[in-house]
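Trainee: Provide a 3D model corresponding to the input given below.
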Amino acid sequence: MTGSLRTFVLLLSCFAFFASTSAYAEPRKKFSICWSIYAGWMPWGLAADNSIVKKWADKYGIEISVVQINDYVESINQYTAGKYDGCSMTNMDALTIPAAGNVDSTALIVGDFSNGNDGIVLKNKNSLAAIKGQKVNLVELSVSHYLLARALDSVGLAEKDIKVVNTSDADLVSAFNTADVTAVVTWNPLLSEILAMPNTHAVFDSTKIPGEIIDLLVVNTETLKDNPNFGKALVGAWYETMALMSADSEAGKAARNAMGKASGTDLAGYEKQLATTKMFYQAADAVAFTKSASLKTTMQYVAEFSFDHGLLGEGASDAGFIGIETPVGIYGNPKNVRFRFDPTYMQMAADGKL
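Mentor: I've put the predicted structure just below:
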């Protein structure tokens, strides 16, 4: 090979390298998130329908599509498979599905926690202790199952003292109408429907474990790191929507009414669900909750439950197999962090810096 040819090949290689590096480093412009029907996630539909997401995406020169998926677990599975860049889910499901599936994920927005939206109902009995020996119908390995475990522990019982019957959420109300179903664990609006039946008693609900069933917008950690404008736009849109839906005005009422209709109820029904949901309408409140030491303790409870029920994936040797990063420290293996609570972007919103 002549010297001039070698020089040409070298220059061509360098050009290809820099071109590919430049293409790799260029920030993405298009993103997508998904959500499913639940009181605390309805704002995403409102934000999309009212072009609030578009407004904030435009501000940062990007596009964000917001997609409603009717099946909650399927929405998380699709996020985990990489079809979406973010998804609404609970803290437990974020740990046991994407994190356990080796997808490093970040809780970008801590939106609310269940404050009575999840509960245990007994037929003809008004004491939680009376659940001993009963069959309990619930969606197995869901937050309802977690709530049951925490409830049993509060009265010195364990899962061996009852029998869990896995029941689809679509079948719980009709199942409770049958004579042989005497105990259920579920969430609103199903919980309200069941409690409206005769001889029913709410014997435990999520107000007894405040701050443990948390509703989040979770995003892919690497995507967020490489594209901070994606995080800024989502958080900006979220808190503008929070201000709208919480307003004591005709516009606020119209927003809540729209979300009620979209979730299959009406204004009164949706406001009833909000009453048992601790919404963080202010970014500063969400930041304070995320930075609290209690969050790390909660995630330890969740990890222990998840490990005991085989939800942390094959090869999980203990409850701390997956590292969970919080502002006060990491629970679990610091070399295997796959789930992170990062209040950085919510703090920007609180400080008016978006």
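Trainee: can you list the buried residues in stretch 278-290?
Mentor: Applying a neighbour-count criterion of 16 or more other C-beta atoms under 10 Å, one finds 278-280, 282-283, 286-287, 289-290 buried in stretch 278-290. Any C-beta I mention is one placed from the backbone N, CA and C, and that applies to glycine too.
Trainee: and those residues, which is closest to T223?
Mentor: Closest approach between the buried residues of stretch 278-290 and T223, by C-beta to C-beta: T290, at 19.9 Å.
Trainee: excluding its backbone neighbours, what's nearest that closest one?
Mentor: What sits nearest to T290 in space, not counting adjacent residues and going by C-beta to C-beta, 6 or more residues apart in numbering, is P343, at 4.4 Å.
Trainee: next: E240.
Mentor: In space, and not counting its chain neighbours, E240 is closest to I52: 5.4 Å by C-beta to C-beta, 6+ apart.
Trainee: okay, now the residue nearest to T290: neighbour count?
Mentor: Residues lying near P343 (other C-beta atoms under 10 Å) number 22.
Trainee: please apply the same query to the one 5 residues further on.
Mentor: Residue crowding around M348 was assessed by other C-beta under 10 Å; the count is 19.
Trainee: contacting residues for it?
Mentor: Counting by C-beta atoms under 8 Å, 6 or more residues apart in numbering, M348 touches 232, 235, 354.
Trainee: part of a strand, is it?
Mentor: No - using DSSP: H, G, I helix; E, B strand; the rest coil, the assignment for M348 is helix, not a strand.
Trainee: show me where pLDDT drops low in the protein?
Mentor: Residue ranges of the chain with pLDDT under 70: 1-25.
Trainee: ok, what's across the strand from the spatially closest residue to I213 that is not a sequence neighbour?
Mentor: What sits nearest to I213 in space, not counting adjacent residues and going by C-beta to C-beta, 6+ apart, is S114, at 4.0 Å. Using DSSP bridges, the bridge partners assigned to S114 are T277.
Trainee: and S114, what does it touch?
Mentor: Neighbour list for S114: 143, 187, 206, 212-215, 276-278 [criterion: C-beta under 8 Å, 6+ apart].
Trainee: one more pass at 7 Å, please.
Mentor: S114 makes contacts with 206, 213, 277, as judged by C-beta atoms under 7 Å, 6 or more residues apart in numbering.
Trainee: using CSV, write out every CA atom in the strand or helix carrying K296.
Mentor: Using DSSP states H and E, K296 falls within helix 293-308. Below are the C-alpha coordinates for helix 293-308, written out as CSV (Å, rounded to 0.1, in the frame of the first residue of the first chain):
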residue,chain,number,x,y,z
ALA,A,293,-35.5,8.5,55.7
SER,A,294,-38.8,6.7,55.8
LEU,A,295,-38.7,6.1,52.0
LYS,A,296,-35.6,3.9,52.4
THR,A,297,-37.3,1.9,55.1
THR,A,298,-40.4,1.5,53.0
MET,A,299,-38.3,0.1,50.1
GLN,A,300,-36.7,-2.4,52.5
TYR,A,301,-40.2,-3.7,53.4
VAL,A,302,-41.1,-3.9,49.8
ALA,A,303,-37.8,-5.7,48.9
GLU,A,304,-38.2,-8.2,51.7
PHE,A,305,-41.8,-9.0,50.6
SER,A,306,-40.7,-9.2,47.0
PHE,A,307,-37.8,-11.6,47.8
ASP,A,308,-40.0,-13.8,50.0
